[in-house]
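1. give me coordinates for this.
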Amino acid sequence: MNDAVFVTFPVLETDRLLLREVSHEDLELVYRFNADPQALRYVPRAPYTEMIQAIEKIAGFHEGYRERRGVWWTFVLKETGDLLGYGGFFDIGAEETKAEIGYGILPEHWGQGYMSEAVAEMTRFGFEDMGLHRIIGRVAPANEPSARILARLGYEKEGVLRDDEFARGEFFDMTIWGKLDR
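-> Numbers count the residues shown, from 1 in each chain. All right, here's what the predicted structure looks like:
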């Protein structure tokens, strides 16, 4: 794996988006996304109820980057500067050159292709710049938009982990989508 990506935080761009490091300036975005039951309907996590949870989430992103086990970006609309969501890699395995991809976008920005752009660029970065061999995404089976994004980008459905996560008083199945650098 290319450790150079952990020297200076990588800034990425697509046609419409700037992907920059999640910072404390993004506190409201991180809180809004994680406190919104609609945004979290496919995410096995209880909604945030206090701003300190968002502060801790951002601190965790920074710690993950320092420890070379995560890279997280905020998605910024270049035209307006609006903060749309965030995503990145976690559980990075340097020896196995693999990582898990995760992402989320505020509901008011759903259906406009922003997430497809961001996930495509993060995937490109993971393989070309980080030197990953394998990227996986865990998606709730009912989250058809996310599954379509991964399928269009060449991820393959590898299986379903039944009752894999527990949140909000219920179990969540998670579909594993994987892509190899080939």
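2. where in the protein is pLDDT low?
-> In the prediction, the chain carries no residues with pLDDT under 70.
3. tell me what the longest helix that it contains is packed against?
-> Ranked by number of residues, the top helix in the chain under DSSP state H is helix 51-66. For helix 51-66, the packing partners by 3 or more CB pairs under 8 Å, 6 or more residues apart in numbering; DSSP states H and E come out as helix 27-35, strand 70-77. C-betas here are computed from N, CA, C, even on glycine.
4. export these to CSV and tack on mean neighbour count?
-> Converted to CSV, the helices and strands packed on helix 51-66 look like this (neighbours: other CB atoms under 10 Å):
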stretch, mean neighbour count
helix 27-35, 19
strand 70-77, 24
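5. now do stretch 98-116: everything it contacts.
-> When contacts are defined by CB atoms under 8 Å, 6 or more residues apart in numbering, stretch 98-116 is touched by residues 16-17, 29, 32-33, 36, 38-39, 43, 75, 77, 84-93, 118-119, 122-123, 126, 130, 132-138, 145-146, 149, 152-153.
6. please redo it, this time with the cut-off set to 7 Å
-> 16-17, 32-33, 36, 38-39, 43, 75, 84-93, 118-119, 122, 126, 132-138, 149 (CB atoms under 7 Å, 6 or more residues apart in numbering).
7. and if you look at stretch 16-25?
-> By CB under 7 Å, 6+ apart, stretch 16-25 touches 9, 11-12, 58, 61, 72-79, 86, 114, 117-118, 121.
8. list the buried ones in that stretch?
-> For stretch 16-25, the buried set under the neighbour-count rule, 16 or more other CB atoms under 10 Å, comprises 16-17, 19-22.
9. chain center to the strand or helix carrying residue 148, what's the gap?
-> Element membership for residue 148 (DSSP states H and E) is helix 144-152. Centroid separation for helix 144-152 versus its chain: 14 Å, with CA atoms, centre = their mean, to the nearest Å.
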